[in-house]
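# My questions concern the predicted model and sequence given below.
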Amino acid sequence: MSRQYYIAGNWKMHKTRSEAAELTKSLVEGLKDGKHKYLIAPPFTALETVGAIVRGTNIRLGAQDAAAEEQGAHTGEVSVLMLKDLGVQSIILGHSERRHTYKEDDALINKKVKLALKYGFEVILCVGETLEERECGQAEVVCENQVLWGFAGVPKDALANIVIAYEPVWAIGTGKTATPEDADAIHAYIRKVIGRLYGADAADRIVIQYGGSVKPENVTQLMAKENIDGALVGGASLKADAFLPIAKFA
Ligand code: PGA
């Protein structure tokens, strides 16, 4: 297996520029000999500040969302052109908070995915079921549909720029983590879906992160699973002393 572990921090709506700068400097220092692939996604307002600090390091700059249009009358939205201009390399799309709190549907997310890929960004596409869906035995089909929608119209040669993050909604910010076995089962299922769409080689290559209450205490067991290739970390990415041990798990 040639997949490289990929650890990403999603700061959500946290940190002013000065707070962001302080955390970023600690992460640059702490990860300079890190062995995995790394990304941090600060809020839009801190992208320029954080971007200047991570430039030339082993930490990629990510945005937490982007508009589905390049420009125009879209009050409050941020365009891929603006993100390119700031040196952003990756965009998180379809995060459960965008899907559930802000009612983004699969068609909108697919439009964003295609636009981001067109402009050469790496996309981290988030999928995941709610607790109710899991309890009804729907976890696999919900994730499958989100993947099918997310990848609709995406050609095979764009796959190298897509990462999937499996984030069960009930595990995000709740302190509840999927067991490594449950997470791995969904990851394996998603990999099968990618195989059906793009072939076995694509399924083998695609990086699938797990997200949902990843902590220093549970990262090693999660990452030990065959189909778990990294983590998308929320709460624990806000402090260097929590994120660094996650990012440097052995
Ligand atoms: P959490 O968030 O680590 O705080 O559960 C993960 C995410 O939403 O990406």
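Arrived safely.
# Specify the beta-bridge partners of the residue most central in space within the chain.
By C-alpha atoms, centre = their mean, the mean C-alpha position of the chain lies nearest to residue 124, the distance being 4.2 Å. Beta-bridge partners for residue 124, by DSSP bridges, are residue 92, residue 163.
# Next one: it from the ligand, what distance?
9 Å (C-beta to the nearest ligand atom, to the nearest Å). For glycine as for every other residue, the C-beta is placed from the backbone atoms N, C-alpha and C.
# Against residue 6, how distant is that residue?
9 Å (C-beta to C-beta, to the nearest Å).
# how about the helices in this protein?
17-31, 47-54, 80-85, 96, 106-118, 131-135, 139-150, 180-198, 200-205, 219-223, 240-247 (DSSP state H).
# So stretch 182-196, near the ligand or not?
No: using C-beta under 6 Å from any ligand atom, stretch 182-196 stays clear of the ligand, coming no nearer than 12.7 Å.
# With just CA atoms, put that stretch into PDB.
In PDB, the C-alpha atoms belonging to stretch 182-196 read as follows (Å, rounded to 0.1, in the frame of the first residue of the first chain):
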ATOM      1  CA  ASP A 182     -16.700   0.500  12.800                       C
ATOM      2  CA  ALA A 183     -14.700   3.300  11.100                       C
ATOM      3  CA  ASP A 184     -12.600   0.800   9.200                       C
ATOM      4  CA  ALA A 185     -15.700  -1.000   7.900                       C
ATOM      5  CA  ILE A 186     -17.100   2.200   6.500                       C
ATOM      6  CA  HIS A 187     -13.800   3.100   5.000                       C
ATOM      7  CA  ALA A 188     -13.500  -0.300   3.300                       C
ATOM      8  CA  TYR A 189     -17.000   0.200   2.000                       C
ATOM      9  CA  ILE A 190     -16.200   3.600   0.600                       C
ATOM     10  CA  ARG A 191     -13.100   2.200  -1.000                       C
ATOM     11  CA  LYS A 192     -15.300  -0.400  -2.700                       C
ATOM     12  CA  VAL A 193     -17.500   2.300  -4.100                       C
ATOM     13  CA  ILE A 194     -14.500   4.100  -5.500                       C
ATOM     14  CA  GLY A 195     -13.400   0.800  -7.000                       C
ATOM     15  CA  ARG A 196     -16.700   0.300  -8.700                       C
END
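# what about that stretch, distance to the chain center?
Computed by C-alpha atoms, centre = their mean, to the nearest Å, the chain-centroid distance of stretch 182-196 equals 16 Å.
# So for that stretch, what gets flagged as buried?
Neighbour counts over stretch 182-196 (16 or more other C-beta atoms under 10 Å) mark 183-187, 189-191, 193-194 as buried.
# Stretch 55-66 too?
57, 59-66.
# Let's see which of those residues end up in strands.
59-63 (DSSP state E).
# surely residue 192 meets residue 203?
Yes: between residue 192 and residue 203 there is a contact under C-beta atoms under 8 Å: 6.9 Å.
# Most tightly packed of the helices of the chain?
Ranked by mean neighbour count, the helices of the chain are led by helix 96 with a mean of 23 (mean count of other C-beta atoms under 10 Å).
# Any part of the helix or strand of the chain with the lowest mean pLDDT near the ligand?
One helix or strand of the chain scores below all others by mean pLDDT, DSSP states H and E: helix 131-135, with a mean of 94. No: if you take C-beta under 6 Å from any ligand atom as the test, helix 131-135 misses the ligand, and the best it gets is 13.8 Å.
# Burial check on the residue of the chain at minimum distance from the ligand, number of neighbours?
For the chain, the residue closest to the ligand is residue 234, as judged by C-beta to the nearest ligand atom, at 2.2 Å. By other C-beta atoms under 10 Å, 23 other residues sit near residue 234.
# my guess is residue 223 meets residue 231, correct?
Yes: taking contacts as C-beta under 8 Å, residue 223 lies within contact range of residue 231: 7.4 Å.
# Show me what from the chain comes close to the ligand.
So far as C-beta under 6 Å from any ligand atom goes, the chain lies against the ligand at 10, 167, 172-173, 211-214, 232-236.
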